[in-house]
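> Kindly return the folded structure for what I paste below:
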Amino acid sequence: MSPASVHESHDVKADINYWPPEGEGEELVEGKIKARYLGTGDEYTRKMPIIDIRGREDEFTWEENGFQIAIIPKRERHEFDKKWTEEVYYSEVAYVLKNVTGAKHVFVMNHVCRAAPDTTNETKPDGENPVANGPSANAHADFCIDDNYMNTMRELSSARLSPEEKEILLKARRWGVFNTWKPVKTVHRDPLAMCDCRTVQAADMRLKKRELFPGKFIASTYFSHPQKEDTHQWYYLYEQKPEEMWIFRGYDSDSSRPRFPTGHTAIRTPEVGLEEIPARESIEARAIVVWE
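Presented below is the predicted three-dimensional model:
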């Protein structure tokens, strides 16, 4: 009996909040992009099939699909304790990424915890974007395929490292960026969905530039829906557990390899009595890896 046959399929259809294609709709300007909410769409939202990979986890790899599941040990963790996370969890993330990617060096740069049912309506002092403490409700990637922006990100990130680590990173012949994401408790609502990078075309990706310092720009990626319906293939892991960690690619400097950033978003699945289900709690870490 195959592993997949012992699991009931929980494929769903869910809204994906896409962005306007290049040249249409709003300009992607930092601080002026409208918030997207789970359960609320617009003319660019598409209802897409989302395939449950439970029982098929081993069929997906970061090299081919852009994402995969890694199993980490069951243990007591304190993800909402910043000191514990930086001192203990970062080391665990680095260990996992070395094993999964084959990288020689891993530098975990930052993390974010989410524990609200949705992005709140509270606004920043400048009155623009809401504070993002709920699930991210749009098809995006935190990084981009543009080498110039990514090299700027590498340069700026190296300032946080020791002199020895900085030299390793800046002299690397091949380096990349990865996200890891896992729930703090088993997911019963608003799971994270991944888009198979093989189904994405360059025309589907839009850059959102951000000036961190005068003249120093980095960029993330927002995804628009292709002209042909259902071209993108989306996946999720039903009732993902705390020991099940998404690993997904943000960038690979080797242009001879598949290297599109992995599109991802939270999705609103058709649970009954959603208001009675506690908000999803999660931790996402971002790391730079060096292969050679």
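
> in the stretch 151-292 of the chain, which spans are strands?
175-183, 192-195, 205-213, 216-223, 234-236, 244-252, 264-266, 282-290 (DSSP state E, counting those that start in this stretch).

> which neighbours does the last one have in its sheet, and in what orientation?
Right, strand 282-290. Strand pairing for strand 282-290, determined by DSSP bridges: strand 105-114 (antiparallel), strand 175-183 (antiparallel).

> weakest of the strands of the stretch 151-292 of the chain in terms of mean pLDDT?
Among the strands of the stretch 151-292 of the chain, strand 205-213 has the lowest mean pLDDT, at a mean of 91.

> re earlier: need the winner for burial among the strands paired with strand 282-290.
Greatest average neighbour count among the strands paired with strand 282-290 goes to strand 175-183 (a mean of 24), per mean count of other CB atoms under 10 Å. Glycine gets a C-beta too; all of them are placed from N, C-alpha and C.

> between that one and strand 244-252, how many degrees?
Our comparison of strand 175-183 with strand 244-252, counting by axes from the mean of the first three to the mean of the last three CA atoms, to 10 degrees, yields an angle of 160 degrees.

> Of the strands of the stretch 151-292 of the chain, which is nearest Lys166?
strand 282-290 (11.3 Å; CB to CB).

> Give the buried residues for stretch 149-161.
Within stretch 149-161, the residues that count as buried by 16 or more other CB atoms under 10 Å are Tyr149, Met150, Thr152, Met153, Arg154, Ser157, Ser158, Leu161.

> in stretch 229-236, what's buried?
His232, Gln233, Trp234, Tyr235, Tyr236.

> what's the answer for stretch 63-80, then?
Asn65, Gly66, Phe67, Gln68, Ile69, Ala70, Ile72, Arg77, Glu79.

> And the third one, how close does it get to Pro214?
Meaning Phe67. Using CB to CB, to the nearest Å, we find Phe67 at a distance of 35 Å from Pro214.

> cool, and Pro163?
According to CB to CB, Pro163 stands 25 Å off from Pro214.

> who's more crowded, these two?
Under the neighbour definition other CB atoms under 10 Å, Pro163 and Pro214 were set side by side, and Pro163 has more, 8 against 5.

> Could you pull out the helices in the stretch 1-150 of the chain for me?
82-84, 90-101, 147-158 (DSSP state H, counting those that start in this stretch).

> Mind putting those into CSV with distance to Met194?
What follows is the helices of the stretch 1-150 of the chain, written out as CSV (distance: least, CB to CB, whole Å):
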stretch, distance to Met194
helix 82-84, 27
helix 90-101, 15
helix 147-158, 21
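
> quick one: contacts for Ala115?
For Ala115, the contact set (CB atoms under 8 Å, 6 or more residues apart in numbering) comprises Phe80, Asn133, Val184, Ala279, Arg280, Glu281, Ser282.

> which one among the residues you listed gets closest to Arg257?
Ser282 (28.5 Å).

> what number of residues lie near the closest one?
For Ser282, using other CB under 10 Å, the count is 24.

> Hmm, Leu192 and it touching each other?
Yes - applying CB atoms under 8 Å, one finds Ser282 in contact with Leu192, separated by 7.4 Å.

> what touches both of the two?
With CB under 8 Å, 6+ apart as the test, Ser282 and Leu192 both reach Pro135, Trp181.

> Check Gln201 and give its pLDDT.
At Gln201, the model reports a pLDDT of 95.

> From what I see, it and Pro226 are in contact.
Yes - the criterion here is CB under 8 Å, and Gln201 meets it with Pro226 at 6.4 Å.

> The two: who's more crowded?
A direct count of neighbours by other CB under 10 Å for Gln201 and Pro226 places Pro226 higher, at 17 against 12.

> Buried members of the contacts of Ala115 into ChimeraX, please.
Buried subset of those, written as a ChimeraX selection, criterion 16+ other CB under 10 Å:
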select :133,184,279,280,281,282
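
> Among the contacts of Ala115, show me the least confident.
Asn133 (75).

> Would you mind confirming that it makes contact with Phe80?
No - under the criterion of CB under 8 Å, Asn133 makes no contact with Phe80, lying 11.9 Å away.

> follow-up on the earlier one: including distance to Ile50, could the strands of the stretch 151-292 of the chain go into CSV?
Shown next, in CSV, are the strands of the stretch 151-292 of the chain (distance: least, CB to CB, whole Å):
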stretch, distance to Ile50
strand 175-183, 16
strand 192-195, 5
strand 205-213, 20
strand 216-223, 15
strand 234-236, 5
strand 244-252, 14
strand 264-266, 10
strand 282-290, 17
